[in-house]
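Undergrad: mind looking at a prediction? Sequence and model below.
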Amino acid sequence: MRTKTFMMSAAILATLFAGACSKDETEEEPLPYTGSSYLGTVTVLYNGEDYDNENITVDLSANEPADGTLSMTIHQIRFVPQMPVTVDVSIPTVKYTRTDDGITFSADSVVPYSGVVPVERYLVTGLEGSVKGDDCTFTVNFGAYPTSFNGTVVKTTE
Amino acid sequence: MFLSTVLLASAITIQADSLLPTVLITSMKEPLTSGVTAHGKSSIYQEEMERLGMDSPKELSLVMPGLYIPDYGSSMTSTIYHRGFGSRMENPVMGLYIDDIPVPDKNCYDTDFIDVRSVELMNGPQGTLYGRNSMSGLMNIRTLSPDVFQGYRANVEYGTAGSIRAKGSVYRNSIGAAAWYTHTDGFYENTYSGRKCDSGDGAGLRLRYMKTPTGKKHLENIFSASYTDQGGYPYRQITGSGVQPVCYNDLSGYSRLHISEGFKLGIIAGGVRINSVTSLSYLYDRMDMDQDFTSASMFTLMQKQNSLFLTQEATITPAVQKEHWKTRNGIFIYARMNDMEAPVTFKSDGIRTLILDNANANIPSYLGQLSFLENEFPITSDFDMLYANAAIYHESVFVFDRWQIVAGLRIDAESAVMDYNSQSNVNFILSPAMSDYHSMDVRYQGNETESSFQLLPKLAVMHDFRSEMIRGRVEASYSRGYRAGGFNTQIFSDILQNIMMNQMMGLCGVHLDNSNSTSAAATVYKPEFADDFEIGLTVTRPGDVSFTGSVTAFHIECRDQQITVFPPGKSTGRMMANAGHSKSTGFEADLSMSAKDMTVAVSYGYSNARFSDYSDGNNDYSGKRIPYAPLQTLSARAGYTYRKWTLNAMLTGLGDIWWDQANTLRQPFYLTGRGRLTYNMTETLTLYLSAENITDKERPVFYFKSVGNSFFQMSKPAYISLGLNLLLYN
């Protein structure tokens, strides 16, 4: 079981890497707005108050082979101010749907990963979000922490 | 009481070089006019050194005012403090020349004396004539040569701790050959092993050939080699119940091979005198150190280096100097190639406490706990370094009746490059999330450069005065010196350890705050400068009852001071940075008196050295005293000869010494004594009995902290030795 977990984790990392670094070599039309990074603010509802994590990067990357899902990674966030470290949280399977001006996505009851480690404590429920133009927004519950994100695409020059 | 009696009633001959050269051979940087050094200097000659039993450069701090070379660690730790400045790491504040040949590395400074004819300490920056690493002064050692002595010399000595010293030399015609061997069983017991931890052996030889085929040409070749293999580092942990015995479990010691070849050539042609010194040196040394100095298996360091040094220096002076304007021009070239390995091995206790405990304290418990497959692993660090220096200089002395003005300037450029390659491999697991160990390779490779350009001036004004009773000189001078820049090689294992921890935690999706580790670029440090202002007075009263006295007051401003700081991030190490600005104000005084056969000499140095501006990254120490450098040094020495018996005694004082930047730990001023009783059995044989640290009191000679623990090294216990000298003239 643990071997499988690690293999799966490695697969996620490989997928992230491939999504970020290589263009789709399949004949399917590339998914717009994915393989991109979005920079913005993650807000966590904690003890009845909003706790903002500013300048947080969120990566979206279509999974391969294309199965209508993408993976999402939120980098270096704190769920509560008292956390002595920041953590990366990845949601490996997020269903998406194309729209006229982008995509919408959702997920429910997915165990996220911190690096290569599955973290049931932050079970993902009620993920709803979209990419419209340069903007990405979503809301999600990480375990007991209602969380939202508003960000814009990070332009890269090649 | 005994010492006081000796001091008051004793008699020795006045300090002087009793050996006069038969041909004109002098140092290429002898003063252009008699005695005009533009700086205060302290000298000691062979006869007095042998009477006092001084066998190594570290013992010179017993008699040179303002100089302190503590005896701690091993032969590698030749830390020099002078006029309040010094450095435990990297380049020294004082240069060392033996017979005009530079000793290229501080690691070679601690060697045994054999047939040393004189030692001259030139106080204050000697940057104009000597350049790099003569920021606080320069020590010039001259050894016996066949032009001043023809015959045989030998010495055997046995002392406390099974210490043996044997020396022999022969000087015939144009050749001088000297060899020595030393052994000690050691003074400090390591309670972990039950054995002495500082036992050691040393041996060396020097071959000297000199010839003056014509009155206008002089050739000289000096080859020397020495080898040392010893234990060391008898550091004692300080706990709430006091200073604990030496107790460490990992190999600690030092070995060194130093080979030096120097060729001197002097020519008078075309109205100029050209003196040239070419030297080639090879240094191999290896230090092993239990870095935590406890019985725990934390981490060890092995540092091994192969260095090749080349220097070429030449001076040009008029063959016949003008009466009112005397000049000297010089050129200096220096190159050093250094291949160094410095692996740090983390052992079981160190992996647990220094790495895993830190990492796991920051990993949220729901992610699990990190552990390693290895019980120990090395972080290797290899360095290839190349240093090059080139300089030209000029010195003029203008003489107007009793006034003399010395002016000089050195243009000095230095460049250095370092290739570094640090790497490690570990297998780690985050339990229970990961089912198997994950192999991780960490590498840190690249190169860094450092270069600098200096103008090193000096200016001095002197006035001689004379009456029927006394002769004297007053002088005022300004000079600048510098200590070369370099690289913090010792911090690379910390950098790699930091990267390794961040990578492991990154794989777990965890990031520490302020996790940026030191970059290689930050390990480069620049030269350190000192501007020195001093005034001095020297008075001599010749005659049957003679005395010589001198006093020099100085003020030194040190900028871009190379000083240890805490690197940014989570590193536990320290590194050198140009982070400080310091000042030192003080004075040195020497007085020697002679009446017939009786001489008494007293030397005193006072250095009030403080940080003007210094923050180590955690605390601001501006205004605090510079640690390790003594506030005062005192030496009072005397002797008495009665028929075939001679008694010599010396009382030395040292302190206060502050052991930390915060000035919370202080060693008050203290006195120690040594003496030697000599019996001239025949004209050629002399028997002696020596005693050092007569009161047998333990005092701290070094303090430091490692892995949160504090340590002292205490002074060696009383040392008694019996020896026999042989002297035969051809």
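TA: Received it, and whenever you're ready, just let me know what you need.
Undergrad: alpha carbons only for contacts and neighbour counts from here, please
TA: Noted.
Undergrad: what kind of secondary structure is B:Ala359 in?
TA: Taking DSSP: H, G, I helix; E, B strand; the rest coil as the rule, one finds B:Ala359 in the helix state.
Undergrad: let me fix that, I meant to ask about B:Glu47.
TA: Classified using three-state DSSP, B:Glu47 is helix.
Undergrad: all helices of the chain, in order?
TA: Because you didn't say which chain, this covers chain A. A:2-21 (DSSP state H).
Undergrad: you looked at the wrong chain, it should be chain B
TA: B:2-9, B:46-52, B:127-130, B:348-350, B:357-362, B:492-507.
Undergrad: so who does the closest residue to chain B within chain A touch?
TA: Nearest residue of chain A to chain B, counting by Cα to the nearest Cα: A:Gly115, 3.8 Å away. Neighbouring residues of A:Gly115 by Cα atoms under 8 Å, 6 or more residues apart in numbering or on different chains: A:Ser9, A:Asp88, A:Val89, A:Ser90, B:Gly506, B:Leu507, B:Cys508, B:Gly509, B:Val510.
Undergrad: what about B:Met504, distance to B:Gln423?
TA: Going from B:Met504 to B:Gln423 by Cα to Cα, to the nearest Å gives 15 Å.
Undergrad: quick one on the thing from earlier: make TSV out of the contacts of A:Gly115 and add distance to B:Asn249, neighbour count and pLDDT.
TA: Converted to TSV, those look like this (distance: Cα to Cα, whole Å; neighbours: other Cα atoms under 10 Å in any protein chain shown; pLDDT from 0 to 100):
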residue	distance to B:Asn249	neighbour count	pLDDT
A:Ser9	42	20	49
A:Asp88	42	23	91
A:Val89	44	26	92
A:Ser90	46	27	94
B:Gly506	34	17	82
B:Leu507	35	18	80
B:Cys508	35	25	80
B:Gly509	37	24	83
B:Val510	35	26	83
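Undergrad: starting from B:Ala359, give me the distance back to the closest residue to the residue of chain A closest to chain B other than its chain neighbours.
TA: With sequence-adjacent residues excluded and distances taken as Cα to Cα, 6 or more residues apart in numbering or on different chains, A:Gly115 is closest to B:Gly509, at 3.8 Å. Counting by Cα to Cα, the gap from B:Gly509 to B:Ala359 is 13 Å.
Undergrad: can you list the helices of chain B in JSON lines and add distance to B:Thr664?
TA: Listed next are the helices of chain B as JSON lines, based on distance: least, Cα to Cα, whole Å:
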{"stretch": "helix B:2-9", "distance to B:Thr664": "33"}
{"stretch": "helix B:46-52", "distance to B:Thr664": "35"}
{"stretch": "helix B:127-130", "distance to B:Thr664": "35"}
{"stretch": "helix B:348-350", "distance to B:Thr664": "29"}
{"stretch": "helix B:357-362", "distance to B:Thr664": "29"}
{"stretch": "helix B:492-507", "distance to B:Thr664": "28"}
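Undergrad: what sits closest to B:Arg610 if chain neighbours are left out?
TA: In space, and not counting its chain neighbours, B:Arg610 is closest to B:Arg625: 4.1 Å by Cα to Cα, 6+ apart.
Undergrad: please give me every residue in contact with that neighbour.
TA: B:Asn608, B:Ala609, B:Arg610, B:Phe611, B:Trp658, B:Gln661, B:Asn663.
Undergrad: if we use 10 Å, what do you get?
TA: Counting by Cα atoms under 10 Å, 6 or more residues apart in numbering or on different chains, B:Arg625 makes contact with B:84, B:582-584, B:608-612, B:631, B:657-663.
Undergrad: separate out the buried members of the residues you listed.
TA: B:84, B:582-584, B:608-612, B:631, B:657-662 (16 or more other Cα atoms under 10 Å in any protein chain shown).
Undergrad: up against chain A, what does the stretch 301-450 of chain B have?
TA: When proximity is defined as Cα under 10 Å from any Cα of the partner chain, the stretch 301-450 of chain B approaches chain A at B:361-364, B:366-368, B:430-436, B:438.
Undergrad: from the residues you listed, which one has the minimum pLDDT?
TA: Minimum pLDDT for those is recorded at B:Ala433 (73).
Undergrad: return the backbone torsion pair for the residue of the stretch 451-600 of chain B at minimum distance from chain A.
TA: Closest residue of the stretch 451-600 of chain B to chain A, Cα to the nearest Cα: B:Gly509 (3.8 Å). Backbone torsions for B:Gly509, taken as degrees, to the nearest 10, come to phi 70, psi 20.
Undergrad: who's in contact with the closest residue to chain A within the stretch 201-350 of chain B?
TA: Going by Cα to the nearest Cα, chain A is nearest to B:Gly350 of the stretch 201-350 of chain B, at 23.1 Å. Taking Cα under 10 Å, 6+ apart, we find B:Gly350 in contact with B:Asp292, B:Ala296, B:Ser297, B:Met298, B:Phe299, B:Thr300, B:Leu356, B:Asp357, B:Asn375, B:Glu376, B:Val707.
Undergrad: and A:Val80, by the same measure?
TA: Applying Cα under 10 Å, 6+ apart to A:Val80 gives the contacts A:Val44, A:Leu45, A:Tyr46, A:Asn47, A:Asp50, A:Tyr51, A:Asp52, A:Asn53, A:Thr86, A:Tyr145.
Undergrad: now flag whichever of those residues is closest to B:Leu207.
TA: Of all the contacts of A:Val80, B:Leu207 sits closest to A:Thr86, with 66.4 Å by Cα to Cα.
Undergrad: okay, now the closest one: neighbour count?
TA: 21 (other Cα atoms under 10 Å in any protein chain shown).
Undergrad: report the beta-bridge partner residues of it.
TA: Beta bridges link A:Thr86 to B:His511 when assigned by DSSP bridges.
Undergrad: show me the contacts for it.
TA: Listed by Cα under 10 Å, 6+ apart, the contact set of A:Thr86 reads A:75-80, B:362-364, B:509-513.
Undergrad: can I assume A:Asn150 is in contact with A:Lys132?
TA: No: with contact defined as Cα atoms under 10 Å, A:Asn150 does not reach A:Lys132; the gap is 11.5 Å.
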